[in-house]
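In: the amino acid sequence is not available; the structure is as follows:
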């Protein structure tokens, strides 16, 4: 068992250890996936909700939401151990929204919000909104923009192409749409 009564939102295997994150600023870690230990986060508020954890560029980054009206933010640590975390991004940067997905792909962090905005960061601290610069190729080979009936909640990269998965008006408002 994990040893926590808090809801968990994401689990990842990063740098030879498992990490799970969730509600009430919960992070737990495990070397084997069976025995888990709590990781203390010394920033933010006790009720912050952790969405995802990712690792890249020598840093662990957690995407989080505040329950006290500050909006989404990111935390970082170079070691992921207790009391090593700092607040590095967000607080108005991502808007008044929640975070659908945050990953490290192809040398950068990518963060997708529920309000259809997409941000990238090389260091997990400074984020650039790339939504307006993106075009999406639809299954019929036409291109369109993010928003405009296309909303994403996850992303994959195969070494050549980014695959954006989510909801699209192209697919009669259906979920499960995959675009490049």
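Out: Perfect, I can see it now. Small disclaimer: the values here were computed from a predicted structure and weren't measured.
In: ok, residue 152 to residue 15 distance?
Out: 27 Å (C-beta to C-beta, to the nearest Å). Heads up, the C-betas are built off the backbone N, CA and C, glycines and all.
In: tell me the pLDDT of residue 169.
Out: Confidence at residue 169, expressed as pLDDT, is 64.
In: what about residue 112, how many neighbours?
Out: 24 (other C-beta atoms under 10 Å).
In: who's in contact with it?
Out: For residue 112, the contacting residues are 99-102, 118-119, 152-155, by C-beta atoms under 8 Å, 6 or more residues apart in numbering.
In: now swap in residue 1 and tell me
Out: Contacts of residue 1 (C-beta under 8 Å, 6+ apart): residue 36.
In: repeat that for 10 Å
Out: 34-36 (C-beta atoms under 10 Å, 6 or more residues apart in numbering).
In: one step back: tell me which of the contacts of residue 112 fall in strands.
Out: 99-102, 118-119, 152-155 (DSSP state E).
In: just those residues now: which is nearest residue 59?
Out: Set against residue 59, the nearest of these by C-beta to C-beta is residue 102 (12.5 Å).
In: doesn't residue 124 make contact with that closest one?
Out: Yes. With contact defined as C-beta atoms under 10 Å, residue 102 reaches residue 124; the gap is 9.0 Å.
In: spit out the residues that contact those two alike.
Out: Looking at what touches both residue 102 and residue 124 (by C-beta under 10 Å, 6+ apart), the common residues are 54, 61-63, 74, 109, 111.
In: related to what we said a few turns ago, mark which of the contacts of residue 1 are buried, thanks.
Out: By neighbour count, with 16 or more other C-beta atoms under 10 Å, these hold residue 36 as buried.
In: among the contacts of residue 1, which are in strands?
Out: Using DSSP E, none of the contacts of residue 1 sit in strands.
In: now do stretch 23-31, average pLDDT.
Out: 95.
In: look up phi and psi at residue 10.
Out: phi -150, psi 140 (degrees, to the nearest 10).
In: what is the neighbour count of it?
Out: Neighbours of residue 10 (other C-beta under 10 Å): 17.
In: likewise residue 15?
Out: Neighbours of residue 15 (other C-beta under 10 Å): 11.
In: and the closest residue to it other than its chain neighbours, what is it in contact with?
Out: Once flanking residues are discounted, residue 15 sits nearest to residue 55: 5.7 Å by C-beta to C-beta, 6 or more residues apart in numbering. Going by C-beta under 10 Å, 6+ apart, residue 55 touches 12-15, 17, 19, 61, 77, 80, 104, 109, 124.
In: please repeat the previous calculation with a cut-off of 7 Å.
Out: 14-15, 104 (C-beta atoms under 7 Å, 6 or more residues apart in numbering).
In: so where's this structure uncertain?
Out: 69-70, 90-91, 148-150, 168-180 (pLDDT under 70).
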